[in-house]
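1. Starting from these lines, generate the structure:
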Amino acid sequence: MNVLIAPDQIKDPGQEIVIPDHLHPYLVPWGTRQYRQYKFGTILTQTFLHKHYRIYIYRFMITQPVNLFFAVNEPTIALRHMLEGSVYAEVQGFGRVALEPQRYNLIYLPTSINEAWFEAGPAESLHMELEYTWLEEMAESNEEIAELMNRVMTVSNEGKLMLPALIDYNVYETLHAMRHSQETGGILLMEFKTGILKILTQYGKVLKEQDHLDGLPDIPNKELLVKIWEMVKANPHIHHTLARLALMNHMHEKTLSRHFQRLFKISLPAFVHKQCMARAYYLITTTEQNLSDIAYDLGYTEISNFNRAFKKHHGIPPQALRNMR
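-> The predicted structure is shown next:
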């Protein structure tokens, strides 16, 4: 996928300039880089091209509203992550699409040139184009991938988009590991394949959860309750208290508590605690993050309180679980 300033562009009118220091934290060690300045702002482009997938990271620093164009040179299935900023796009076959921050989805893109509208401010997207036959090969031995491929093609043929899911901690950690990988050669390719499979698998789980949520009974404030459920699950934190969530969503505490329990068959505080413990377990078993940092990220100010809560929930102390790796 290439960014165009005009749909009939032959030569990029931007001036290539040195990447400033404040953008260095956004640089990946494995990508080719290009930083160009235009009348409307600047675009940092980082790419990694492989026969099975192509990874594009675009960071836009827009100083005035502008319409840009995205060229898809061949039909592809893409994992699209909007990391920062909001963008509206006119996508062939789907009409006008809102790309909201911290959301991702799987989409089939035909050969096309699509228009996007940018407001002033920063925006960043991470786009992975996945080669179809590569996905087919994986689908032969992976039922979840096969189901995803069938679903995205069916939905696309109907002119609909797959669910834009929140980037939860599972996807965030996977993207973070991929972006900061210092590996090269075959090891890097293996890390990318593993990361892509993790994101696809997690997206499949989210779709099944959404099917379950859609099947829940219609009750007052259901849409808002589902958004609260989704937000807590994506980023668990002990400070997601009933009082705070009620205030954030302009609901009375008793109303939120009663409706949440009725819809999900679990109290809101119990759900928050369950998700915090699930996130802690994930971080302990899949990352090298210090236990004290994990506790702090979840909102605990005292590691002893975290240790006690974790052991009570999982039946094993955090350090003992880490030692089992």
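
2. What segments of the chain are strands?
-> 2-4, 15-16, 32-38, 41-49, 53-62, 66-72, 76-84, 87-91, 95-99, 103-109, 112-118, 121-130, 165-166 (DSSP state E).

3. partners of the fifth one, with directions?
-> Neighbouring strands of strand 53-62 in its sheet, by DSSP bridges, are strand 41-49 (antiparallel), strand 121-130 (antiparallel).

4. Other residues contacting it?
-> Identification of contacts with strand 53-62 by Cβ atoms under 8 Å, 6 or more residues apart in numbering yields 1, 3, 23, 26, 28, 31, 40-49, 85, 118-131, 134, 179, 192, 196. C-beta coordinates here come from the backbone N, C-alpha and C atoms, glycine included.

5. List buried residues within these.
-> Of the members of the contacts of strand 53-62, the ones counted as buried by neighbours, 16 or more other Cβ atoms under 10 Å, are 1, 3, 26, 28, 31, 40-48, 85, 118, 123-131, 134, 179, 192, 196.

6. hmm, back to that, let me know which of the strands paired with strand 53-62 is the nearest to residue 216.
-> strand 121-130 (31.8 Å; Cβ to Cβ).

7. For residue 201, list the residues it contacts.
-> 144-145.

8. same thing but 10 Å
-> Residue 201 sits next to 142, 144-145, 148, 170, 174 when contact means Cβ atoms under 10 Å, 6 or more residues apart in numbering.

9. So which of these sit within helices?
-> Mapping these onto helices (DSSP state H) picks out 144-145, 148, 170, 174.

10. wait, doesn't residue 319 sit right on residue 306?
-> No. In this structure, residue 319 is not within contact of residue 306 by Cβ atoms under 10 Å, at 11.1 Å.

11. Of those two, which one has the most company?
-> residue 306 (23 against 13; other Cβ atoms under 10 Å).

12. Next one: that one relative to residue 292, how far apart?
-> As defined by Cβ to Cβ, to the nearest Å, residue 306 lies at a distance of 8 Å from residue 292.

13. what do those two both touch?
-> Contacts common to residue 306 and residue 292, judged by Cβ under 10 Å, 6+ apart, are 300, 318.

14. quick one: buried residues of stretch 110-119?
-> 113-116, 118.

15. can you tell me which two in those residues are farthest apart?
-> Spatial extent of those (Cβ to Cβ) is set by the pair 113 and 118 at 16.2 Å.

16. so what's residue 72 bridging to?
-> With DSSP bridges as the rule, residue 72 is bridged to residue 112.

17. who touches it in this structure?
-> Per Cβ under 10 Å, 6+ apart, neighbours of residue 72: 1-2, 78, 91-92, 109-114, 129.

18. just the residues you listed now: which is nearest residue 63?
-> Taking the contacts of residue 72 together and measuring to residue 63 by Cβ to Cβ, the closest member is residue 2, at 21.8 Å.

19. Just give me the neighbour total for the residue lying closest to the closest one once chain neighbours are set aside.
-> Leaving aside its chain neighbours, residue 2 sits nearest to residue 71 (4.7 Å; criterion: Cβ to Cβ, 6 or more residues apart in numbering). Residue 71 is flanked by 14 other residues according to other Cβ under 10 Å.

20. repeat for residue 292
-> 13.

21. try residue 195
-> 21.

22. do you know how far it is from residue 182?
-> Residue 195 sits 14 Å away from residue 182, going by Cβ to Cβ.

23. Make JSON lines from the contacts of residue 72 and add distance to residue 166 to it.
-> Listed next are these as JSON lines, based on distance: Cβ to Cβ, whole Å:
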{"residue": "1", "distance to residue 166": "23"}
{"residue": "2", "distance to residue 166": "28"}
{"residue": "78", "distance to residue 166": "18"}
{"residue": "91", "distance to residue 166": "20"}
{"residue": "92", "distance to residue 166": "26"}
{"residue": "109", "distance to residue 166": "22"}
{"residue": "110", "distance to residue 166": "27"}
{"residue": "111", "distance to residue 166": "30"}
{"residue": "112", "distance to residue 166": "27"}
{"residue": "113", "distance to residue 166": "29"}
{"residue": "114", "distance to residue 166": "23"}
{"residue": "129", "distance to residue 166": "22"}
